[in-house]
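1. how would this look folded up:
(chains A and B)
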Amino acid sequence: MIPIEHFPVLIIAISLLSAFTILLAGWVNRKSCCLITIATITFQFILSIFILRHVLTVGTIRYWLGGWRPPWGIEYVVDALNAFVLVVILFLSLLVAIYSKRNVEQEIEAKKLPTFYSIFQLLVTGLCGIIVTGDMFNLFVFLEIASITAYALIAVAGGRALKASYNYLIMGSLGACFYMIGVGYLYSVTGTLNMADLRILLPPLYANRAVQAAFVFFVIGVSIKAYVFPLHTWQPDAYTYAPSTVSALIASTMSKVMIYALIRLIYSVFTLDFIRSYMGLDLVICWVAAMAIIAGSIFAITQRNLKRMLAYSSVSQIGYIILGVGLSPLSIWGLYGAVAHILNHAVMKGCLFLAAGAFIHKEGLWNIRDFEGLGKKMPYASAAFTIAAISMIGIPPAAGFASKLFLILASLEASQYPFVAILLLSTLLNLVYFWRVIDRMYFVGHGHGHEEATDGGESESELPLSMLVPMLILAALCIILGIFWLTELPLPLFYEILSDLGVSGGVTL
Amino acid sequence: MELMTPLFAILCPIIAAPLILLSKRHPNIREGWTIVASVAMFALVLSMAPKILSGEVIECIFFQTIFEGIDFGFKIDAFGLIFAITSSSLWILVSLYSIGYMRALNEHAQTRFFFYFCIALVGAIGVAFSGNLLTFFIFFEILTVSTYPLVIHEQTPEALSGGHKYFAYLLTGGCFFLFAIMMTYYLTGTTDLTPGGISALGSASRMILIVMFFCFLLAFMKAAWMPFHSWLPTAMVAPTPVSALLHAVAVVKAGVFGIVRIVCYVYGVDLMHELGLWLVLAGIAAFTMIVGSFFAIAQDNLKKRLAYSTISQLSYIILGAAFLTSNGIKGAMLHIPFHGFMKITLFMCAGAIMVATGKKNISEMAGIGRQIPVTMLAFSITALGMCGIPPVCGFISKIYLCFGAWSLDQYGIIFLAIILISSLLDVIYFFPIIYTAFFREPEGERSGTGEGKIKEAPIFMLVPLTITAIFSIIFFIHPNTLFIFDLVNTAIAELGPLFGGI
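-> Numbers count the residues shown, from 1 in each chain, chains lettered A, B, ... in the order given. Sure, this is the predicted structure:
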């Protein structure tokens, strides 16, 4: 029995090894690549569950790479927040990997399969690395691994995806560069790269210009990667033209990990005291988020391409999470909302992108105008899409409703009433662009036909099971999570996260 | 066991819904599920009445939510049970009627229709049972969303635009509701519906309370008070059983039910009086009553006229609650089931007329009273009831409203006059229909050939509307049928001291 303290590094190491194994195995048998990926991610997922359980019962895991003590060596730190994000990311990666098996066969040339899955696995490695590491520079390394693999995965589709990927490459490199500059500033001032160490060394230096500049560079750098409005310009193209599997993976995991990095930087490296020492900094974050929420929704309304619409919807939904982060110095419900929405949005958007991919896979449909009658042609995929869309709108008892409740309560506690209005307005905007799709799928067009006559036995052959099941699992989760967040069950997790991040914890209202 | 009754009651439609979907290829079995579920639910709901009448409250808590002080669960009190009894009893009859209607017109997508009908009932019963505002909201939204596919059932561009309007109004209302709920929670730390009001609310600032009250009012756009009523006539594009459901059973009643809940169980009569909000509410209601009636007079389409009549009648309920007097609230609470039974009869008659004769406009209905006497007789009886003429139950609720207005210490005479004028207007828009149907000669040429063809609507449609019409009379003779009158008295007693005395 391996002690659980070793699991964080095991997750990375196994994933890394597997990425190269896939490449080798691909020479022998192309079919094996996908299976190896699924097996690896399943294993990682199981490990992550053990880690989460350990973190919640025993406490934070600190692992020193190579046995070097922290200020000199690299340290992996897993507390409640990253254990939670790790489980979320690996769960979604697993479902997307299962989904990808049949979808990728159709969308990508067979000879590219080994490379595709190898890069896919590397992306997962990079994401996990960002999550578990407790070292600023190590985070940068994994950030680059994740980003470069993401550029490659998007470009796999060829054609317009190449341009989208190139745009992403430019913007992404800029973001990485900014992050690197931030790391450099902090290192020049403190002489350490370890997050826990920085947390101790920084407070006396909060007035230092270099530290302040570093903060700004960090926030902007990571914001580009998390496509926080108005730094989202690379994202719609990238999501639209990427292969469906990749859109789903990147949409549901990549941005969440970047947001996680942002939360980690704000809370664990700089702490709330830093935010509070600059009056109104939190409100600036909130207003940026509010702009993202509204602008993303309005852009989404104008789209005709379903994937592009979902991409803009992500811009808006990332705004929810950022709003939660921005409100958290004023109310703990803000952090609850942000944490809950990381999972909710991953599940909902994953489901939506998988469904959008399924529409393309089976019927070749991407334009919302052509969706007439889809509800009958692909009943399960359409139902999954509808449930996730209802959840995005925030209609109870779906998951989006819970996040909305938390954020509204946070805004009230912080006495920031405009944000309540923005959240509610966003509900209506979401309704406009999602209901348009649902209307098309189910209600528009086919008038007085007789259902009993028309729907004969098509549902059986709708989609391969490996594509259908992940989608349906996510759709079911949309409802289950909605109820889960309303119960008391997540409270231990929240309390743990609050105490780990050093937010005055525990007491509600 | 008794504690779980509400759970079993709401499980009836929840279990029936997937069964309906599964048996979509066998229409008889599919409709069977609806009937079984509705009868079972009605029996379960009714079985709670004795316990409630003894002054107890049935609490059924599923879990404590993450928000401290809010449970997710049901708390059934007398007022909630009135709404539950109304909805569940009418569901049986509407189901029977829908079977006749949908089959007679050979409608498409019948499975979808019965499925969402079932879900809508989950929403309605959930609203009736909710013990706090958060639970209330969840079921309220389920009700809104599940009725959308029913409203746009025809799937014509007209139906879709009607549905969009319906959705736009009601979900905007939902946003206001959510804000008001969270505000209530933020201010008081609870959202429980407490007879006599949440006491902690009294310490909040006047300004916030007034703003919140308007948010609550906007939340209940379902009650179709003016000027936020226009979704209701537009939603008349729905098939007639849906209109019956919207008007009599679930949607609009959930709206007025909510308003009474807010007035009596969240703000409480004292706070309403102190803030002067009762006058605002009564003003809105009075305006809607009169103007709604005028609109009704102007309509030629029978369903549209009935829709405006609903708008006007709902405001009787709002007005009664706004009086804050025990007779006023009693009248309001009585009018919920009574109006339900009467209005559903009218709508079912409108549908039966359409199925039997294909006529939608009142001007075309000359002489149909002799062709379809049963339908028109039922129509006439309940139309009389709507106007408040005995021996139909509308008289009872209206007389209590009049007493309620009379016992007001100010403006009593004005509101009494408004009730009477509005009743007069009811007469003006209902009597021409009865007159046209019975006493006007049918248009010359077609009468000879037409009469031979036109028969009463199918038995499935005729029986429910006869039953509801008979019930409208029974409620007059014996108001305590289905425990309604006793439940109202229990609810009034629970509310504690009210204005105006008894």
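
2. which secondary element of chain B has the worst mean pLDDT?
-> For chain B, counting by mean pLDDT, DSSP states H and E, helix B:444-453 ranks last in confidence among helices and strands (a mean of 52).

3. could you list the buried residues of the helix or strand following it?
-> From helix B:444-453 onward toward the C-terminus, using DSSP states H and E, the following helix or strand is helix B:459-477. Neighbour-count burial for helix B:459-477, counted by 16 or more other CB atoms under 10 Å in any protein chain shown, picks out B:460-462, B:464-469, B:471-476. Bear in mind the C-beta positions are built from the backbone N, C-alpha and C, glycine included.

4. closest one of those to chain A?
-> The closest of these to chain A turns out to be B:F460 (CB to the nearest CB; 19.4 Å).

5. so where is the chain shaky, pLDDT-wise?
-> Here I'm looking at chain A. Chain A contains residues with pLDDT under 70 at A:1-2, A:279, A:445-461, A:504-509.

6. not what I meant, chain B
-> B:1-2, B:247-248, B:443-453, B:500-502.

7. all the strands of it, residue numbers only.
-> Secondary structure of chain B by DSSP state E: the strands cover B:58-64, B:71-76.

8. check chain A too.
-> A:61-64, A:75-78.

9. partners of the first one in the sheet?
-> Okay, so that is strand A:61-64. Strand A:61-64 has the following strand partners under DSSP bridges: strand A:75-78 (antiparallel).

10. distance from the partner strand to the middle of the chain?
-> Remark: strand A:75-78 is offset 21 Å from the chain centroid, using CA atoms, centre = their mean, to the nearest Å.

11. now what about it, what contacts it?
-> By CB atoms under 8 Å, 6 or more residues apart in numbering or on different chains, the residues outside strand A:75-78 that reach it are A:8-9, A:51, A:55, A:60-65, A:86, A:132-135, A:194-196.

12. could you do stretch B:382-397 as well?
-> Here stretch B:382-397 has contacts from B:309, B:313, B:316, B:320, B:331-332, B:334-335, B:338-339, B:341-343, B:345-346, B:349, B:381, B:398-399, B:423, B:426-427, B:430-431, B:433-434, B:468-469, B:472-473, B:475-477, B:479, using CB under 8 Å, 6+ apart.

13. quick one: that stretch to chain centroid distance?
-> 17 Å.

14. OK, now which residue of the stretch 201-350 of chain A is nearest to chain B?
-> A:Y336 (7.9 Å).

15. would you quantify the distance from that residue to B:Q64?
-> Going from A:Y336 to B:Q64 by CB to CB, to the nearest Å gives 16 Å.

16. which of those two has more neighbours?
-> Legend: neighbour count by other CB atoms under 10 Å in any protein chain shown for A:Y336 and B:Q64, higher for A:Y336 (28 against 15).

17. thought the more buried one was touching A:L405?
-> No: A:Y336 lies out of contact with A:L405 (CB atoms under 8 Å); the separation is 9.6 Å.

18. how much space is there between the closest residue to B:G292 other than its chain neighbours and B:L334?
-> Counting by CB to CB, 6 or more residues apart in numbering or on different chains, the nearest residue to B:G292 once its immediate chain neighbours are dropped is B:S312, at 3.3 Å. Distance, B:S312 to B:L334, by CB to CB: 17 Å.

19. again, but for B:A356
-> Taking CB to CB, one finds B:A356 at 32 Å from B:L334.

20. okay, these two: which has more neighbours?
-> Neighbour count, other CB under 10 Å: between B:A356 and B:L334, B:L334 has more, with 27 against 21.

21. isn't that one right up against B:F485?
-> Yes: at 7.5 Å, B:L334 counts as touching B:F485 under the criterion of CB under 8 Å.
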